[in-house]
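Chemist: Need coordinates for the below:
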Amino acid sequence: MGVPPPHDAGRPLLASLAAPALWNGVLYVVSLLNPMGVSGTFANDVADLPVVMQAAAVTGMWGVEFLVLYLPAALAATTTTPPQPAPQPAPAPTPARVRLHLRPAAVAIAVVALVLGGGLIRLSADPGQVRKVAAIATNQKQWAPDLATPETRDLVTTYVREIEASHRAWTP
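Modeler: Residues are numbered from 1 along each chain as shown. This is a model prediction of the structure:
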């Protein structure tokens, strides 16, 4: 018959971790195989929220992606009962069985609250000295400039000079 799925075996906490872990695993493999990386993920959708950026600073995109999927997976594991064979009635809910099925949601809520709470605490702290940074992007259809050509090397050298001059202007 094979190995029963985690939820069928009475392990809803493990079942709640399976979907986000599998999703992240697939995304990771795609990111390794695709020369352009991965875009359009859940983490990209919520990355503009400052508290999420705090979580991403610690866990990276993979942690944010996991958390976005973990809470709904835990709620699904909490509200789903394992299938029972047809002739037998569903077992009566005992306190131990109820705790077992509430555990995934409680753990997921605690983890998400801890991560978001930590981000909020970090955001409420004094930011300290402000530093300005610049991002340089081209309008070309290729992923990055081809540094093998003299024109591109000259362009990058010009960028570096401009950045250095700007840095000297802003440095007290």
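Chemist: which SS state does residue 147 fall under?
Modeler: Under DSSP: H, G, I helix; E, B strand; the rest coil, residue 147 falls in the coil class.
Chemist: okay but it is in contact with residue 155, surely?
Modeler: No. Assessed by Cβ atoms under 8 Å, residue 147 is found out of contact with residue 155, at 9.5 Å. Placement of C-beta: from N, CA and C, glycine included.
Chemist: out of these two, which sits in the busier spot?
Modeler: residue 155 (15 against 10; other Cβ atoms under 10 Å).
Chemist: what helix or strand is that one on?
Modeler: Secondary structure assignment for residue 155, by DSSP states H and E: helix 150-170.
Chemist: Can you show me the CA trace of stretch 155-171 as PDB?
Modeler: What follows is stretch 155-171, C-alpha atoms only, in PDB (Å, rounded to 0.1, in the frame of the first residue of the first chain):
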ATOM      1  CA  LEU A 155      30.600  53.100 -19.600                       C
ATOM      2  CA  VAL A 156      31.200  51.200 -16.300                       C
ATOM      3  CA  THR A 157      34.300  53.300 -15.600                       C
ATOM      4  CA  THR A 158      32.200  56.500 -16.100                       C
ATOM      5  CA  TYR A 159      29.600  55.100 -13.700                       C
ATOM      6  CA  VAL A 160      32.300  54.400 -11.100                       C
ATOM      7  CA  ARG A 161      33.700  57.900 -11.400                       C
ATOM      8  CA  GLU A 162      30.300  59.500 -11.000                       C
ATOM      9  CA  ILE A 163      29.500  57.300  -8.000                       C
ATOM     10  CA  GLU A 164      32.900  58.200  -6.400                       C
ATOM     11  CA  ALA A 165      32.300  61.900  -7.100                       C
ATOM     12  CA  SER A 166      28.800  61.700  -5.600                       C
ATOM     13  CA  HIS A 167      30.100  59.900  -2.600                       C
ATOM     14  CA  ARG A 168      32.700  62.600  -2.000                       C
ATOM     15  CA  ALA A 169      30.000  65.300  -2.200                       C
ATOM     16  CA  TRP A 170      27.900  63.500   0.400                       C
ATOM     17  CA  THR A 171      30.700  62.500   2.800                       C
END
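Chemist: now it: mean pLDDT?
Modeler: When pLDDT is averaged over stretch 155-171, the result is 82.
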